[in-house]
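1. test case, fold it:
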Amino acid sequence: MTHAVENPSTTRPHGLPKRAVGIDVGGTGIKGGIVNLDKGTLTGERFRIPTPKPATPEAVAGVIGEILEELLGREKAPAVAELSVGVLVPGIVVDNQVLSAANIDDSWLECDAGTLLRDLPGQIHTFNDADGAGLAEAHYGAGSDTSGSVMTVTLGTGIGSALVHDGELVPNTEMGHLEFEGEVAEQKASAAARERAEMPWDEYGRLLNRYLVHLERLFSPKKFIIGGGISKRSEDFLPQVTDVRAPVVPAQLKNNAGIVGAALHAAEQTRRQAAKR
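-> Have a look, this model is predicted:
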């Protein structure tokens with residue numbers, strides 16, 4: 001029997017604090033914000049600092065500390081005693097161990113991000129950047145009305161993905177690395193690949209149609225959400241996505257999705273750890 005997921009745009013998941021902090025580490029900028037977990041929105045403006053060059057773990061940790069200092073100095077900041085901080089990293093993250101690195105320094109490989117950030121205030125939790133965006137979309141955005149599995153596919157320099165089932169994240173899916181029509185999927189179907197090939201939008205839509213059909217055969221999600229900057233042009237290519245059974249819709253949360261998802265994930269992880277004690 002399938003149970004509908006309560007729309008979290010009106011209430012935060014049970015047992016979570018009202019606010020948490022999300023920080024999104026990107027190749028050009030590191031941005032953070034205080035997130036209202038009732039609504040999936042930012043409390044106040046997000047705060048951004050350019051990503052250091054080179055983006056070594058120590059340099060990035062210093063910037064994360066600066067962002068936290070700024071956010072925790074605000075009037076509506078969570079108290080440190082109940083603070084959860086989610087940090088998104090552009091790579092595979094398992095138990096705070098970074099196993100791949102995209103657009104950050106290779107010295108992140110095998111880095112224990114939990115140890116790296118342990119002296120910062122609050123309970124720190126790290127995970128993959130696409131997973132953060134997808135978790136936010138599933139709870140607060142384009143997937144908040146859908147039970148079962150929701151898959152977010154972010155199209156940019158590469159292809160990121162996130163699979164969420166009834167609100168629970170299945171981490172590190174990395175759908176951009178699947179073989180697709182004889183190539184690595186992101187080398188053929190990412191937004192950057194479209195630009196390199198100077199591919200017309202309608203042709204790109206047909207290519208994306210074939211890629212999503214491939215994903216649907218493997219995972220059968222109830223909905224696909226298309227994210228990344230290219231989602232702003234969804235009307236130019238989504239009409240050509242005609243062979244996928246599940247609805248295919250553009251993301252709603254845009255640039256704040258990662259921050260929101262990071263905060264939500266961190267709060268959930270802190271709650272689970274507390275329950276085990």
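2. which residues of the chain fall in helices?
-> Secondary structure of the chain (DSSP state H): helices located at 57-72, 113-116, 129-140, 185-189, 191-196, 201-219, 234-237, 257-276.
3. now residue 132. Nearest residue, chain neighbours left out?
-> Closest residue to residue 132 apart from its sequence neighbours, by Cβ to Cβ, 6 or more residues apart in numbering: residue 261 at 3.5 Å. To be clear about C-beta, it is placed using only N, CA and C from the backbone, and glycine gets the same treatment.
4. surely that neighbour meets residue 141?
-> No - contact between residue 261 and residue 141 fails when scored by Cβ atoms under 8 Å: they sit 9.5 Å apart.
5. which of those two has more neighbours?
-> Taking other Cβ atoms under 10 Å, residue 261 and residue 141 do not tie; residue 261 has more neighbours (36 against 28).
6. and the more buried one, what does it touch?
-> 22, 86, 88, 131, 132, 133, 134, 135, 136, 137, 139 (Cβ atoms under 8 Å, 6 or more residues apart in numbering).
7. model confidence for residue 108, exactly?
-> The per-residue pLDDT reported for residue 108 equals 96.
8. just name the most buried of the helices of the chain.
-> The highest mean neighbour count among the helices of the chain, using mean count of other Cβ atoms under 10 Å, belongs to helix 129-140: a mean of 30.
9. report all helices and strands that it contacts.
-> strand 19-25, strand 84-89, strand 149-155, strand 159-165, strand 168-170, strand 223-227, helix 257-276 (3 or more Cβ pairs under 8 Å, 6 or more residues apart in numbering; DSSP states H and E).
10. could the ones you listed be laid out in a markdown table, adding distance to residue 45 and mean pLDDT?
-> Converted to a markdown table, the helices and strands packed on helix 129-140 look like this (distance: least, Cβ to Cβ, whole Å; pLDDT from 0 to 100):
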| stretch | distance to residue 45 | mean pLDDT |
| --- | --- | --- |
| strand 19-25 | 14 | 97 |
| strand 84-89 | 18 | 97 |
| strand 149-155 | 24 | 97 |
| strand 159-165 | 25 | 97 |
| strand 168-170 | 27 | 95 |
| strand 223-227 | 22 | 97 |
| helix 257-276 | 11 | 94 |
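11. now distance to residue 106 too, for these, in TSV please.
-> Compiled in TSV, the helices and strands packed on helix 129-140 are given as follows (distance: least, Cβ to Cβ, whole Å):
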stretch	distance to residue 106
strand 19-25	15
strand 84-89	13
strand 149-155	22
strand 159-165	19
strand 168-170	26
strand 223-227	26
helix 257-276	22
